[in-house]
Structures are given as C-alpha cells and as structure tokens.
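Enquirer: Fold the following and give me the result.
(chains A and B)
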There are 2 protein chains.
Amino acid sequence: MNDTIAEAPGSILIEDVEPRLDCGRYPVKREVGDRVNVRADIFRDGHEALAAVLQYRTTAEESWRESEMAFIDNDRWGASFIVDTNTTYVYRIEAFPDYALSWHDEIGKKLVAALEVSSELLEGIHLHEALLSRATPEDGSTLAAAILAARRETSQQKAVDILLSQDVRHAVFRCRSRKGLAQSSEYAVTVDRVEARYSAWYSMFPRSAGVEAGKSATFRDVENQLPRIVAMGFDVLYFTPIHPISTSKRKGRNNLLEAAPGDPGVPYAIGNDDGGHDAIHPDLGTLEDFQHLVDKVASYGMEIALDVAFQGSPEHPWLREHPDWFYIRPDGVIKFGENPPKKYEDMYPLNFQSDSWKELWDEMLRVIVFWVDRGVKMFRVDNPHTKPTVFWEWLIAQVRKTNPEVIFLSEAFTRPKPMQALAKAGFAQSYTYFTWRNFKQELRDYGEELTQTEMKEYFRGNLFTNTHDILPTILQEGGRPAFQFRVVLAATMSSVYGIYSGYELCENTPVAGKEEYLNSEKYEYKVWDWDRPGNIAAYIGRLNAIRREHLALQEYDNLRFVDTSDDNVIAYYKATDDRSDIVLVVVNLDPFHAHESSVRLPLETLGIDHGGQFRATELLTDETYLWTGGDQRLTLDPHVNPAMIFSVHKWIHQAFVERDY
Amino acid sequence: MNDTIAEAPGSILIEDVEPRLDCGRYPVKREVGDRVNVRADIFRDGHEALAAVLQYRTTAEESWRESEMAFIDNDRWGASFIVDTNTTYVYRIEAFPDYALSWHDEIGKKLVAALEVSSELLEGIHLHEALLSRATPEDGSTLAAAILAARRETSQQKAVDILLSQDVRHAVFRCRSRKGLAQSSEYAVTVDRVEARYSAWYSMFPRSAGVEAGKSATFRDVENQLPRIVAMGFDVLYFTPIHPISTSKRKGRNNLLEAAPGDPGVPYAIGNDDGGHDAIHPDLGTLEDFQHLVDKVASYGMEIALDVAFQGSPEHPWLREHPDWFYIRPDGVIKFGENPPKKYEDMYPLNFQSDSWKELWDEMLRVIVFWVDRGVKMFRVDNPHTKPTVFWEWLIAQVRKTNPEVIFLSEAFTRPKPMQALAKAGFAQSYTYFTWRNFKQELRDYGEELTQTEMKEYFRGNLFTNTHDILPTILQEGGRPAFQFRVVLAATMSSVYGIYSGYELCENTPVAGKEEYLNSEKYEYKVWDWDRPGNIAAYIGRLNAIRREHLALQEYDNLRFVDTSDDNVIAYYKATDDRSDIVLVVVNLDPFHAHESSVRLPLETLGIDHGGQFRATELLTDETYLWTGGDQRLTLDPHVNPAMIFSVHKWIHQAFVERDY
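Expert: Predicted structure coming up:
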C-alpha cells in the first residue's frame, strides 16, 4: 500500500454495542469486582475473516488494556473485563480484517480440494514478510525462519504447515496489522464500591435516640443505640438532618402551623444563628461529638449517611448573605416554598438557575465536601427532583473526582422519567415505588422492571419498607405479619433496602385517612421502648444475617420470579452466576389468612435434574426438607410463617461408586 | 437577566426521541404523503410548565417549519409533520419553559383558594411587559393595552382575567421567549416516492421474450409482451443484465463448464469487446431500441428496473483499462471470483478498497447515472453484500442528490445483520427470507419482524415468490395451489412484492435435489407458451387489481396477524389508519388437503361492535357474506380456494330512525 494514497473508507461495521445508555450519553453502573460483559454486532461485506478487541481503561490511565473478542452468533461478538477499582472506566471496540485467518481459510479449503496453490502460498509468504517490520526481535526471527523454510519447501502442503505452526501463528497474532480498522465510540462505566449495590439501611432521627422525654437526645445517646442496631444487622445508619433548626415559622406537633414552647421543629427547616448546612444542632452535640460518633459507627462495621436537603429556613445564613441565590418577589422579599395553595413558610427554595448559579453550585459542593472530609461517604438527598438534574450530574461528578467512594441516594418520589434521569445522572441508589406495590402481579411487574429491563444498568432500587414521611396502608392494615413479610420482600427482592426506625416495633398508628405517622418524630422528641412486646427486631436480625450468609442475595439483577397457584402467594429466587448459592423466597401477601400454594421451580435453570431430589433449608426456622420435582406445595400462615426463605441445594447423584482399595 | 452573566445550564431534558435509527446514525424512511409521528420524553425538575416544538425542514431549506408538541402521557410528548416532497427531511425538537402557563397555573390555584395575589399579579405584569420588545406591532398593542388595564384594575380576579383573555394569550404565545431552551440532535428522514413502498415487480430475461427457439429475443419482442404483463397488473418490469456477455469462459446449459456453440452465456458475465456496463447486448438491440422500450413501458404506466452487477467478465474493458481496480495475484494476474473450492472464472470481482478506490467508485456512479439519464429509475442490485456497505451508502447518496426518485433494491441473500445494514445505508427495498418461510408460525414471526419491529423504519421487504436463482421447495412440491397461495401471501403481507416470469405458468421443474430451475434461462434462450394450460395469469391479474382497489394493501407496516384454530391456516388483516378499508386474508398453507379453521377477528380494533353484524366480501370470487361476531369458521380447499381475501365492512347499526316529515 502506497502511503501517499488516502485509504478507502473501512468496510467493517460495529453496531448495537452494549452495555450503553441513551446512545452513550450516560455511563452504565457496576461495582468493584464485577465482570463487564460487552457485546456488539461486528461484520463486513463478503467472506473475509475479522478480528476484534475490547479496549478498556480507567479515566486515570492513558493506555488501553485489551481483551480479544470472540464470535458468539449471528454476527454478535463478545468479550468482558473486570472492574477492580472504584473509579470510572471507559471502553470501546476495535475491529479489523484478520488477514492471516482469511489466508488460512482460503488455502486450507483449496488444499482439501487438492487444488494448485503456489500463488496462494506466495501471497501467504508476502503476508508474513509484511509483518517483520512490526515484530519484536524474537517474533521476527520466528517469522523469518518460517518464511525461509516455507520458500525452500517443495511440498505445498508442508510449506503451508510451516506457516501455520503454532509458534508462527502466535507470532503473527502478536504483530498483526490493524489496517482497515473500525473503532466504536467510547462508553463509560461508573464503578462504585460494593455498598452501592449491597447494603441495609436503618433510618432514624438522632434526637429520638434518648431515654428522657421532651428533650433532645445527643450523639452520645445514638452511640448507646449502636449495639441494638448492629444486632439487627444493618450496614448504614441514616440520620435526618442534624443541622440547626429555624425558630421562626417553626411547626408544632403533628404539623401544627405554630409551635408550642419546647417543640423542636422540623429538621428540614435548616439554619439559624448557629449556622446552616455545615453546622450541627447544639442539642445533638459538637462537631467533635459527631466525629466521635462517626468513628464509633465505623468500629461496628457500619457507616453514617447524612441527609442533604438543599433549602434554607428563614434564619439560614444564606438568606442574609446570598439573597440572590433565592427566588425574589417583585417587592424584593425572598419567596418561601409553595405548592399552591399549600405554603411552606419555614423553608425557602434555592434558585439553581439564578444569575449567581455558579457561586450557589460551588457552595453546595463545599457543603458536601465538608462532610466527606469528616468521614461521611453516603448521602440521602431530599427531593432531588425539585432541583435541575444537570446540577446533580455536575455535583456528583465533582465529588467523584476526589472521592469516588461517595454514594448518593436519590429520594425522588415523582414520575418515572425524572426518577430515572436522576439515576442516569449519577445517583448510585434510588428510592422506588416498592413502598406502594402490595400485590402479586404488581410486585412481580415492578421487580422485573427494576432488575430485568435497561434500568438494571443504572438504577439501583433501594427498597424502603417505610420512611418518616410514609406509613403505607399495608402496614396500617396488616399489622405484625405485614411488617414481617414486607421487610422480607424488601431485603430479598433487592440487594439494597432500608427501614425507618420504629419499623422493628411494628409502629403503625396513622394520621386518620393518611399514609402518615401520628405524632411523627418530624415534629417532636420521642423516646422509644425498643423491647416493646411484639417487636420483630430478632426477625430482622435473622433476615440480615441470611443476607450476609448468601451471596445470591447480595446481587441486584438476579431476581427471577416463579409461578405460584395462589394469587396471594408470590415466589422468586436469586442465584449466583455459578449456581453455588440459590435462595428461594415465598411470601403470603395476605396478612389475615393462611394460603396453600404450589410453587414451580425451574429445576433445569437451577442445574437440578428434572425429577431429581434436592434439599431445601428454610433459613428463618432452620428446618430442612427433601424435595422431589419442580412443583412444591407450601402453606404460609401470617401468624406463623408469613414468609419462607429457602436455601436450595442440589442433592448430588452418583450413578455408581468406584473406589480404589 | 444580565447578559454579561453566563446562563445556567438548561434544566430541560429531551430523551428517547423517535423515530430514529442507531442513535441517529442512519435516516428512517418514509414515502411522499406520509405523516411522520415524532415522540420524545420531555421533562424538567419541579412543577414549572413546559412547551415544546417539533422543527422540520428539507435539507434544501434553510429555515425550520414548526409544529407545536402536545403532552401525551408519562412525560411523553408528540407532534407530527407531513413529508410531501421526494427528498431528505431533517427534524429536531426544541423545548423551553412555558413561563406564561406556569404563572397562570400558580395564580389560578391561589385565586381559587382566595389568597392575596398582588405580588403574583405584579409578576404577571412584568412577565407580559418583558414580551413587548419581541412582539409584532399588533401583538404589542394588544399586550400594552392589557397591561395598562390590569394595572388600573382594582379587583385582582378581574386583572388576572384581563391578562388571561384569549387575545392576550394568543399574543403571548406568538412572542413567547425560549430562554432555558433545550434542543435535541437532528434526525434525518429519507422520503422516497410511493413506489418504494407500493409496487409489484415482474422479473424477466429480455432475451426470452421472443417466439423463435435458439435465438435471442429483442427489446421489440419485449414490447410485444407488455400487454400481457400489464394485464397481470405489474408496475415494475425488471430485467436481468442487458449488457454484452463474455465469450471466453462462457458457461453452457445447466451451468456446464464449457458452452456449446450457440449458447448465449450468463448475463452476469458482463463485458466483451462490445462494451461493459454502459453498453447493450447487440442481440437485444441498440440504445435507441432501449430508449423506445423505456418509453413504451412508461406509456403502460409501468417502469423498468435494471440489474446492477458490479463485476467484470474476462473480456470487460475495465480489466484492460483498470487492472488496478481488481485483485491481483502475486504473479500479476487478475483474480477471478472464488468461493473455495468453487471457481467463477467468467466473473472478476472488483476491489472496492484498492488503492484506486476513488476512481473505481466514481466509475460505478457514472454507470448508474448513465442509465438514470436514459430514464431508468429503479435498480435491482446483485449481491450488494459482497461490496462494502459504506460504498453503497456513498453511491446512493450521490445519486439521490440529483435524482431522489431513484430506487435501489438490495438482492442481499445473506445473514440478517448485513442485510439490515444495507437497508440502513440507503437501499429503498430489500429481498427477504420470505422465499423460505412456509409455515404458519414462521410466516407470522417473520411478517411481524419485518413490519412491527424497528425494521419497519428502514427495511422495506420486497417479497419475491421465486427468482431466477431460486425455485423454492414449496413450489416444487405444492404445484398450482402453492403457486396461488404463495403469490397471495407475497402480494398481501407486503405492499411491495415480485415474481420471476414463468411463475404465472406454475413452472416448477427443478434440478434434482436443489432449489434451482432445470434448464434455467440463465444459461439458454427460452421461448414460453404464455397461455399454457393451468396458468394462473388471470388469478395474478385479479390479485394485483385487488391491491390497486384497496389502500390497506398499499401500506407496509399495517400487517396484523389473527389467531386461527388450524395450524395449516394463517390469517391476517391490513387496515388503513381510519379503518375505512379493512382487508382480511386467510390462507391454507397445505397445498394438498382442505382445512377448516376458525379465524378470530379483533372486532373492537376494527371498529366493529362486539357481537355486531358486518359484511365480508371475498374479493377473488366476489361473494359477499354476512358475519356476526369475531369468530368465523372457514374451509379452504387447495384445489378450490387456497386463499381467501375479504373486504370487511361495518354494518351500520341504527338504534332508531328519526325522520322529519
């Protein structure tokens, strides 16, 4: 090829690359240790052979690592790489003609047909000679020797055999040319630490951790609660905001417009003369106390998540210092929050697209970094859907530059598309509609939507049974059995889930006709009796222990539902890729009556011979059953066993036994 | 807003725009007169109102036309535009905050709640004042008058009413600001003439159009065949190559390696001393004769399609003049075609990526333009999958620049992905696997793949019953009934289909054990008795007449299968968007035995009340039935009615009659 002549456009096409999101606009998500399976349609005109490599690197690296792609079927090729660092990776595909293989194919067929191949042999020798300039000294001498031998050889078959010997083929592979190269776009992979996928969250108001009525608890009181929370097996301790609370426009108990003396106010009305988002409510303690608590929590193998509520109370320093960050009325007064006709006079929304947006965004970043520097690596973000998605994309990217270990949970209870957009933009975890999915088909549909559609690539649903804002009807109506099976569903349908404290006490007194707690902690100090009769703390502890013991429950996108005969009984399993761990969950969704149902296990998929025996150990009771066949009948009584969790093991079959004596 | 301050990034997201192909890499296809329905997810944070416009233009136009988008559901918006020119269109979406509507929503809710709104009213007045500089004089005076009146009005409700009067709202709409604009990428739409979607092709060897054995027919003989072909109702007359044929390495009858004296050779072995791709075989006539034929064909309302086989015979002028366009052996000899161990010594493949690729590509373009200039606007391209897809993309784009009416049909019988890639790259029509889909489920699956998946956006399947290379088993085994129902399937499943001549004679003598014709026209002159007993010319004529009379059969992506009780009976319907034309096709796929089957019509979808009466006229026999209910039983006898085609009409129901006397 004359280098002065422009090369013809390449004839190789690379299409339908996966995984990718929105044409590569957003990264897909994985966790450290994952294998990323890359697939693409790769083809060209005619019958010439192709080769393709998957190239990948972290954004910090300059050079690509490569993995040879293999043909799968129907012009689809695949390769994979392991992401072993908590950072961002990029990958792309290179495909190019495999000149050596094309030559090999052609001459091979002709030799089989006993055709004369002297011309083809000469082409092969030229092909090998062209590689000499690209070869290492070692490969070069291998090639040169083979070329010389092939030229001297009088038998065409033997000459071809020389050029196709294993040593020569390996040398050819190492110095092959990529002339005619096609290259895909680059696609990004956000690699989070494993806790982004696998963690159990416990949500609480730190001021309610005490023992004295009518008074704020302190961080030291929270430390006293840790053994109890650790015993239940939680990984993340999430606090509602810990900052100073406005005294003006303060709300009273049960959201009364005016607070009574001694009422503590809503923690989301952030800011007063003691400071704003980087200050701590003096009743809780000092920054040193907080630091002590962070360390103490870490010593239990847990971590703290803080609440990020980007808004200001009427007394927040931002209102004085940066009124231009807020919405201004025509008379110059700053606007408080509204959802007409409702007014939120204790909270002022920030204007993320004000003329001073740059300073405002930088301040938000400063607040996050302030807490990151104090050891907080998880943030639950309040109402992110009321701020621009592009702001979160910027903020999270900035934080990840220095602290890729930071995990943001999106509390966006809104329409599907904005919830998904926030996840695409960078939130590692997201609240979901699970809280309102109660029945068999809707639970199955939603579970499949989260884990079997494109959402699995970027949206990690953190299934919360309840929150301080939401006491779902099923818990109000269904009582203790519902508390048991809803936490089983949350903890086993997803690898990441959470409860709001009081759940373990089956606390379910609502504001009449609403899905809200009566006498909510949002507006008052609470003192709880954590040993209250009927509590399910031990049940939750066992459940989280089962999660720790079973790798299958630590994966997210391996949720598979199975058919059941009773409409009140839902069943699904999760299995590791290698089927070494298989967990079957069966839940009676009726909190009032027992139901008997058949459960149909896909034995072949599970690697169990059809009709074969297998062992099923119920993990909440530790009872073991011997099952035969894929169709099992189970009875679930809400007052005895509202949910069953089985570890399913193949019963090893030996056709005969042969021993050496 | 201070213009010196950089505007904050827009908060509106536009996602999942459709129609688009491969992230916008390729255009979608439509035909003149079509309505293009555009959809996208459009949303932002918070509760502010949005507006969006669809913008579209032809590539020849500089300014965009606009169509206001409407909210559909779940953050999805839609609008449409009509493509009325045979050219390329582009479209994009613009979305921006609807400041006026947001203000209207907010103040409306507050007025209903009897809140004080003087501040909000002032905001509204400011909002309207800001538009004055953008308004036409007429709108400006409407706005100014309203602003003045609203300022003077003491009743807040009345002041708001003034600003929300219809005249003012229309003026506001016309001069609204697009501050905070989001813009999608641009997407292209190839708009072909209607024949790209709707045409019936008749394929023939012009040299076989005569009446004298052992001798080439001429273009004049072809003219004599036109009344017969027109009577069958075909739109396109496709000729195998009409160029000079190589004398050396000429193949004999039934593909014998050596031709006997007088054997005409394969028309695909193009080129000899009489010329190449821009020359006409002297036995057929002159260029003037060809021109006469083109005009004659046009006078019958038909058009000619030529065969494009980009390769050279050993005697092609290209081999002498441009050996650098071919593949060269190490000894300097040009390589003939091979698919080892098979050799095609009468055909030399071109090297589209040779160093001289630019000159070669230009020559290919010159050949096409040569025939376009002589009135040929359709080309059937032989084996396009053995040339680079990127070459076809370039060639077709070049031709379309001056002649967008030209239609290319891809004869790519290869794997699915390369077939699809050629269609994406610009081929208006494509051969399909229909020829090998015989049974109910595989026909349904394939029909749905062609017309109900993304393929409908770019791949127009031209369903050929047979070709000069392919005599399918079903025709060999099934005889006349199979010829009848296969042409019904081709002509009604797709709006574009074709037969290869001889089909109307039920010619089906194969080379033993192969799907090839014995004594194929590829290798010899033929004289046909077009009135041969058992011929189905009149049947085909009626079928094409039915296509002309029924708009539903002229659409491509409206194929909908319905369930039948017998596995040998397939049924589907096609309907126009407005349901004014509904055609139901029922076919017995068993050519040997009669089958009775129920056919289940989706009456609601068809706009017929469930349980209502309706009229079904069988169009091949002109018999009319009165049917009640969606479940009809039909018997199809291969020797009587292998296929039935019904025109289905709603029976108008009047609950009572009221007349004025």
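Enquirer: how about the strands in the stretch 451-600 of chain A?
Expert: Counting by DSSP state E, counting those that start in this stretch, the stretch 451-600 of chain A has strands at residues A:463-464, A:496-500, A:559-562, A:569-575, A:582-588, A:595-600.
Enquirer: what packs against the last one?
Expert: Yep, that's strand A:595-600 we're talking about. strand A:569-575, strand A:582-588, strand A:631-636 (3 or more CB pairs under 8 Å, 6 or more residues apart in numbering or on different chains; DSSP states H and E). Where you see a C-beta, it was placed from the backbone N, CA and C, and this is true even at glycine.
Enquirer: rerun at 6 Å
Expert: strand A:569-575, strand A:631-636 (3 or more CB pairs under 6 Å, 6 or more residues apart in numbering or on different chains; DSSP states H and E).
Enquirer: Please identify the most buried of those.
Expert: strand A:569-575 (a mean of 23; mean count of other CB atoms under 10 Å in any protein chain shown).
Enquirer: Check which helices and strands it is in contact with.
Expert: strand A:559-562, strand A:582-588, strand A:595-600.
Enquirer: quick check: mean pLDDT across the shortest one?
Expert: For strand A:559-562, mean pLDDT rounds to 98.
Enquirer: Show the secondary-structure elements that that strand is packed against.
Expert: helix A:440-452, strand A:569-575.
Enquirer: looking at the helices and strands packed on strand A:569-575, which is buried most?
Expert: strand A:582-588 (a mean of 25).
Enquirer: In a helix, A:Val36, correct?
Expert: No. Checked against DSSP: H, G, I helix; E, B strand; the rest coil, A:Val36 lies outside a helix; its state is strand.
Enquirer: those helices in the stretch 451-600 of chain A, which residues are they?
Expert: A:473-493, A:537-549 (DSSP state H, counting those that start in this stretch).
Enquirer: so which of these is the most packed in?
Expert: helix A:473-493 (a mean of 22).
Enquirer: by how many degrees do that helix and strand A:569-575 diverge?
Expert: Relative orientation of helix A:473-493 and strand A:569-575, computed by axes from the mean of the first three to the mean of the last three CA atoms, to 10 degrees: 20 degrees.
Enquirer: What mean pLDDT does helix A:473-493 get?
Expert: 98.
Enquirer: what's the burial count for the closest residue to chain B within the stretch 501-650 of chain A?
Expert: Across the stretch 501-650 of chain A, the shortest distance to chain B (CB to the nearest CB) belongs to A:Lys514, at 20.2 Å. Neighbour count of A:Lys514, defined by other CB atoms under 10 Å in any protein chain shown: 12.
Enquirer: what does A:Ala149 give?
Expert: The burial count for A:Ala149: 15, using other CB under 10 Å.
Enquirer: how near is it to chain B?
Expert: 18 Å (CB to the nearest CB, to the nearest Å).
Enquirer: Ok, A:Cys23 next?
Expert: Distance from A:Cys23 to chain B, by CB to the nearest CB: 4 Å.
Enquirer: Now do the closest residue in space to that residue that isn't next to it in sequence, the pLDDT please.
Expert: Closest residue to A:Cys23 apart from its sequence neighbours, by CB to CB, 6 or more residues apart in numbering or on different chains: B:Cys23 at 3.7 Å. Per-residue confidence (pLDDT) for B:Cys23: 96.
Enquirer: what does chain A put close to chain B?
Expert: Residues of chain A lying close to chain B by CB under 6 Å from any CB of the partner chain are A:2, A:5, A:8-9, A:11, A:13, A:23, A:41, A:43, A:45-46, A:75, A:106, A:109-110, A:113, A:119, A:122-123, A:329-330, A:340-341, A:353, A:355, A:357, A:385-388, A:390, A:415, A:417-418, A:421.
Enquirer: out of those, which are inside strands?
Expert: Counting by DSSP state E, the part of the residues of chain A next to chain B found in strands is A:Leu13, A:Asp41, A:Phe43.
Enquirer: Quick check: beta-bridge partners of the first one?
Expert: When assigned by DSSP bridges, A:Leu13 has beta-bridge partners A:Phe43.
Enquirer: Now do stretch A:544-563: distance from first to last residue.
Expert: Stretch A:544-563 has an end-to-end distance of 26 Å (criterion: CA to CA, to the nearest Å).
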